[in-house]
Each structure stands twice: as structure tokens, then as C-alpha cells.
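Visitor: Next come a sequence and a model predicted from it.
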Amino acid sequence: MRFDIITIFPEMLAGFFSGGVVKKALEKGLLEISVHDLRDYTHDKHKQVDDRPFGGGEGMVLKPEPIFESVEAVRKNKRSRVYLLSPQGIRLDSALARKLSRVPQVILICGRYEGVDERVGRHLVDGEISIGDYVLTGGEPAAWVVMDAVSRFIPGVVGKGESVRRDSFFDGLLDFPHYTRPRDFQGMKVPQVLFSGNHAKISDWRRRKALAKTRDVRPDLLAKKKLAPGGRKLLESAPRKGKDHEPD
Ligand code: SAM
């Protein structure tokens, strides 16, 4: 799949390509990313992308003309989707990231200053995406987050894809705890069950831990999840947060 990012600070996105699984995905051709400078779509001497708000007030607003023109220039076909990054958008979650990973081209518009002329949100884009209930100084960190979360769902980007399916949120639960060497770190021991070699027991332990953590930390997720009788039983057997640690 392909991302096109429209921004007035293209250099801010450079770090995204420079390492990790994203770099490998780009090298393998699983992912294509193009960053576009909004100023290249202006036609005046000063390359002006913003202006004062009508009605008065502090701060500048990104003008509609260069944004409409840039989207027009980079849009590949009818299946391309265009999103404005905005704190007023729908909240990015795992389901949306997965859905976007099936779109051949996602165009992300990064706002700045007081935001973007309202006509962009109303007449140009397919939607607005927020990465959380707080306000950033610009859309670039949000573009980074969206690209990262979406890329993980592109087949081949993260290992064999199994780890993605086991990660938090995929099946509506948080992930189970992970441990590695040493077995005993300053008296903090790895749970004994993980050395048992009994795969069914390990799998039950992991499921119980995932269920309990979700119940204790994100009860909203658990409320939405339909648990099979086996899952309910495992959950009932897990002590609540603040109680003694479950015997390992
Ligand atoms: N006046 C706007 C408001 O209160 O809704 C905030 C504008 S913000 C300072 C500038 C730009 O940062 C926005 O246009 C948007 O592109 C980006 N931005 C800020 N917070 C964001 C968030 N939570 N999710 C996605 N983008 C965000």
C-alpha cells in the first residue's frame, strides 16, 4: 500500500523511514511513502499556505487552495482515501488501522496552527482522524502514528503476522505478559508455568493473564467482548488487581 503525506514540514517525517520494520517494508516494496510539501502547491512569491481567520481571533488557518490542489495532484485513483488529521476526527483504533491497511492509497493531510479551512474537512476528505483526546501542535506526529499502526497490518511487514494477531486489541483484549532471560532478575522470578513445557497450560495462563489485565485496566474493552464459557471461567479464576499476585 501507499501513503502520501501533505505537510508544511516534510523534514519532520524523515525519521519515520530511517529504521525498524518500516524501513524494511519500504525496502521490500511492501510499503511506499511519499511526503509532499504543501508550499509546492502555492502560486505566489511567498508560497503562502496560511492566512488570518475570518471573524477575527488569534492564530492562522491553512488555506484551502493548496490543499485541494495537492490532493488532486497525488490522488492515484477512485480507491484512494483522503483523511485530514484532526483532534476532532474519529479516534484511531486497531479496527480502523486494519481497515486502512486494505486501502491501496491513503493520503493524510497534516494541519498546523489553528487548523485547516473547514471546507477541506467538509468537501475534500473522506474523513478526519484523531490519535487521541489532546491537541498536538501539528498533524505530523499523528501522520507518523497512523502510518505506523496501519503498516503493522500489511501482510509481511511484521514477521509472519501471527504476533500482530496476538497483540493487544486484535481480538478485543490486552496482550498477555512476556518474559525473557534471566529467569531470576534481582529476586524477580519468571512464572514457573512458562518452563513447564505444557503448551495447553501455558496457553491457559496467558489467556487468563490477558483477560485479567483487560478487566482491571480496560473494563470498557471487556464489556464489548463476548466471552465463551471457557474464557469466563478463566477470568473468574484470576485475582483482581490489588489482590495478591496470582500464584505462578
Ligand atoms: N484548533 C484545533 C482544535 O482545537 O480542534 C487544533 C489545531 S492543532 C493546534 C493543529 C493541527 O494539529 C490540527 O489541524 C491537526 O492536523 C493536528 N492535530 C492536533 N491534535 C491532533 C490529534 N489529537 N489527532 C490528530 N491530529 C491532531
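Guide: Happy to help now that I have it. As the structure is a prediction and not an experimental result, all values here were calculated from the model.

Visitor: Make sure residue 134 is actually in contact with residue 87.
Guide: Yes - assessed by Cβ atoms under 8 Å, residue 134 is found in contact with residue 87 at 7.1 Å. Yep, even glycine has a C-beta here, placed from its N, CA and C like the rest.

Visitor: ok, these two, which is more surrounded?
Guide: With neighbours defined as other Cβ atoms under 10 Å, residue 134 and residue 87 compare such that residue 87 has more, 18 against 7.

Visitor: which helices and strands sit right next to whichever strand or helix holds that one?
Guide: In this structure, residue 87 sits in strand 81-91 according to DSSP states H and E. On a contact count with 3 or more Cβ pairs under 8 Å, 6 or more residues apart in numbering; DSSP states H and E, strand 81-91 meets strand 105-109, strand 115-116, helix 118-123, strand 127-130, helix 140-151.

Visitor: what number of residues lie near the nearest residue to residue 40 once chain neighbours are set aside?
Guide: Among residues not flanking residue 40 along the chain, residue 70 sits closest, at 7.6 Å (Cβ to Cβ, 6 or more residues apart in numbering). Neighbourhood size, residue 70 [other Cβ under 10 Å]: 23.

Visitor: Quick check: what element follows the longest helix seen in the chain along the chain?
Guide: Ranked by residue count under DSSP state H, the longest helix found in the chain is helix 199-217. Going down the chain from helix 199-217, the next helix or strand is helix 219-224, by DSSP H and E.

Visitor: separation between residue 134 and the ligand?
Guide: 6 Å (Cβ to the nearest ligand atom, to the nearest Å).

Visitor: Quick one: residues contacting that residue.
Guide: residue 87 (Cβ atoms under 8 Å, 6 or more residues apart in numbering).

Visitor: Can you list phi and psi of it for me?
Guide: Main-chain torsions, residue 134, degrees, to the nearest 10: phi -160, psi 170.

Visitor: Read off the pLDDT value for it.
Guide: On the pLDDT scale, residue 134 is placed at 98.

Visitor: same check, this time on the one 3 residues further on
Guide: Here, the pLDDT recorded for residue 137 equals 98.

Visitor: so how many other residues sit close to it?
Guide: Residue 137 has 9 nearby residues by other Cβ under 10 Å.

Visitor: Now it: closest residue in space that isn't a chain neighbour?
Guide: Using Cβ to Cβ, 6+ apart, the closest residue to residue 137 is residue 112 (7.5 Å).

Visitor: for residue 34, same thing?
Guide: Here the residue nearest residue 34, using Cβ to Cβ, 6+ apart, is residue 4, at 5.0 Å.

Visitor: so who does the one you found touch?
Guide: 33, 34, 35, 36, 74, 105, 106, 107, 108.

Visitor: For it, give me phi and psi.
Guide: phi -120, psi 120.

Visitor: Kindly state the beta-bridge partners for it.
Guide: Counting by DSSP bridges, residue 4 is bridged to residue 34, residue 107.

Visitor: how far away is it from residue 91?
Guide: 22 Å (Cβ to Cβ, to the nearest Å).

Visitor: cool, residue 26 as well?
Guide: According to Cβ to Cβ, residue 26 and residue 91 sit 27 Å apart.

Visitor: Same check on residue 60?
Guide: Residue 60 is 26 Å from residue 91, by Cβ to Cβ.

Visitor: These two: which is more packed in?
Guide: Set residue 60 next to residue 91 and count neighbours by other Cβ under 10 Å: residue 60 wins out with 15 against 11.

Visitor: list the contacts for that one?
Guide: 50, 51, 52, 53, 113, 114.

Visitor: ok now do the residue positioned nearest the centre of the chain, which residues does it touch?
Guide: Central residue of the chain (Cα atoms, centre = their mean): residue 149, 3.3 Å from the mean position. Residue 149 is in contact with 92, 94, 97, counting by Cβ under 8 Å, 6+ apart.
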